[in-house]
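Student: with the sequence up front, the predicted model follows.
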Amino acid sequence: MTGSDIFASYPPLFRPMEKLSESDSDPGPDSFDSDSLPVIDLESLNPGYLTQVCREWGMFRLTKHGVPTELLTELHDHANKVFSESFESKQRLPTTPMLYFWGSPAITMSGNAKQTGPSPSAHQVNWLEGFNVPLAKISHFHYQDPLLESFRSLLEEYGAHQTRVAKAIFNTMAGELNFPPEKSASYLWLPTGILRVYRYLRCPVPEQRWGVSEHTDSSVLSIIHQDQVGGLQVFKNNQWLDVKPIHDSLIVNLGDMMQAMSNDEYVSVRHRVKVKKEKERISMGYFVFPAEDAVIESSKYKPFTYTDFQEEKELDLKTVGMKIGLPRFRKEQSASHHHRLL
Ligand SMILES: O=C(O)CCC(=O)C(=O)O
Ligand SMILES: [Fe+2]
């Protein structure tokens, strides 16, 4: 590919108006200071420490997770190649088992995009493109194209690892939180698992745009693997901390459903992703949800299902213009808020 063709793979909205200068490309790896994110070793999972981290952080680095390093390397390599194809050819791909989207990470859990591109208001757009991959269907399809087929098969393998990891972490949490066994099973409903493979695009005005703006995940658990570019930040002690890219570790964060299930003992952590002028970034996320009809019950919340939560969120996005999330489901929301102010 010649230099000027690089942006043929970008959705048109993200193609720079002017040629980005040579000095803007590849200034070498960024150096990240080591971060203070807690580290949890899956091989010797310590329930007490996990609980402490879930209360204080809602995010941690996972090591000894058993996902082979070569699988991670190959996945990033394949993702790079697939994303480098022209925008038009990516748009023409079938929507199962991998749905191509751009400009917004907000896709419904079943993987049915409301729309695969955003409405054209560049300011709110997320500076990314991606594939949404529901794991329930991934082994039922095969591609003719060898690159896509090996990407699909790697994702299937990766998905099985993520499912295993999520189950192990959740089971420990469920034990610590004393969930009754029948609740545990529907609170983490593995067939809801999805992967999202993202490519964050180079942005001429990185300080004016977000890869993903500040949010909490709606999931029970999310697991991120990022390449060496960096950009993920987590909000802790009133500050945004850079999450250092470390190839053989995974980043686990708790979502809104876990916070509600734990009766606000655990935190659904705020995080965001920055974009860069000179580099694209690839990350892969795994997200898992409760069963559709599982009623989440805890003393601080009115009983609700994940479906109720999604419906409320979509309504809020339309009417308020943002996700309100958990406060919509807390009992005596205004009264408790008042208490805190006094
Ligand atoms: O790309 C990342 O590192 C995180 C993406 C993310 O926060 C999300 O998809 O919810
Ligand atoms: Fe997120």
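Tutor: Sure, I can see it. Ligands and ions are numbered 1, 2, ... in the order given.

Student: when you work out contacts or count neighbours from here on, use the C-alpha atoms and nothing else.
Tutor: Fine.

Student: in space, what's closest to the residue in the stretch 101-250 of the chain that ligand 1 sits nearest to - neighbours in sequence excluded?
Tutor: Proximity to ligand 1, evaluated over the stretch 101-250 of the chain using C-alpha to the nearest ligand atom, is greatest for residue 232 at 4.9 Å. Nearest residue to residue 232, sequence neighbours excluded (C-alpha to C-alpha, 6 or more residues apart in numbering): residue 273, at 4.5 Å.

Student: do residue 135 as well
Tutor: In space, residue 135 is closest to residue 194, 5.3 Å off (C-alpha to C-alpha, 6+ apart).

Student: which neighbours does the one helix or strand the one you found maps to have in its sheet, and in what orientation?
Tutor: Assigned by DSSP states H and E, residue 194 belongs to strand 189-200. Applying DSSP bridges, strand 189-200 is found paired with strand 128-134 (antiparallel), strand 281-289 (antiparallel).

Student: among those strands, which comes closest to residue 256?
Tutor: Among the strands paired with strand 189-200, strand 281-289 comes nearest to residue 256, with 9.9 Å by C-alpha to C-alpha.

Student: so what does the helix or strand that that closest one is followed by touch, helix or strand wise?
Tutor: Using DSSP H and E, the helix or strand that directly follows strand 281-289 along the chain is strand 296-298. Strand 296-298 is packed against helix 256-261, strand 301-304, with contacts defined by 3 or more C-alpha pairs under 8 Å, 6 or more residues apart in numbering; DSSP states H and E.

Student: buried stuff in the longest helix that the chain contains?
Tutor: In the chain, assigned by DSSP state H, the helix with the most residues is helix 146-176. Within helix 146-176, the residues that count as buried by 16 or more other C-alpha atoms under 10 Å are 148, 150-156, 158-159, 161-163, 165-167, 169-174.

Student: in contact with the residue nearest to residue 86 when sequence neighbours are not counted, which residues are there?
Tutor: In this structure, residue 86 finds its nearest non-sequential neighbour in residue 9, 4.0 Å apart by C-alpha to C-alpha, 6+ apart. With contact taken as C-alpha atoms under 8 Å, 6 or more residues apart in numbering, residue 9 is in contact with 83-88.

Student: out of the residues you listed, who's the most crowded?
Tutor: Taking other C-alpha atoms under 10 Å as the neighbour criterion, residue 83 ranks highest of those with 20 neighbours.

Student: go ahead and confirm residue 246 touches residue 228.
Tutor: Yes - with contact defined as C-alpha atoms under 8 Å, residue 246 and residue 228 form a contacting pair (7.0 Å).

Student: in the stretch 151-300 of the chain, which ranges drop under the pLDDT threshold?
Tutor: For the stretch 151-300 of the chain, no stretch is flagged by pLDDT under 70.

Student: tell me which parts of it are close to ligand 1?
Tutor: Neighbours of ligand 1 within the stretch 151-300 of the chain, by C-alpha under 6 Å from any ligand atom: 217, 224, 226, 232, 272, 283.

Student: ok, back up a step: tilt between the strand holding residue 194 and helix 146-176?
Tutor: Strand 189-200 runs at 130 degrees relative to helix 146-176, counting by axes from the mean of the first three to the mean of the last three C-alpha atoms, to 10 degrees.

Student: doesn't residue 139 lie inside a strand?
Tutor: No - read with DSSP: H, G, I helix; E, B strand; the rest coil, residue 139 is helix and lies in no strand.

Student: and it, how many neighbours does it have?
Tutor: 13.

Student: which residues does the residue nearest to residue 230 when sequence neighbours are not counted contact?
Tutor: Nearest residue to residue 230, sequence neighbours excluded (C-alpha to C-alpha, 6+ apart): residue 245, at 5.6 Å. The neighbours of residue 245, taking C-alpha under 8 Å, 6+ apart as the test, are 32, 226-230.

Student: for residue 302, state which of those is nearest.
Tutor: Distance to residue 302 across the contacts of residue 245 (C-alpha to C-alpha) is lowest for residue 226, with 36.0 Å.

Student: number of residues surrounding the closest residue to the closest one other than its chain neighbours?
Tutor: Distances taken as C-alpha to C-alpha, 6+ apart put residue 283 closest to residue 226, at 4.2 Å, once the chain neighbours are dropped. For residue 283, the neighbour count with other C-alpha under 10 Å is 21.
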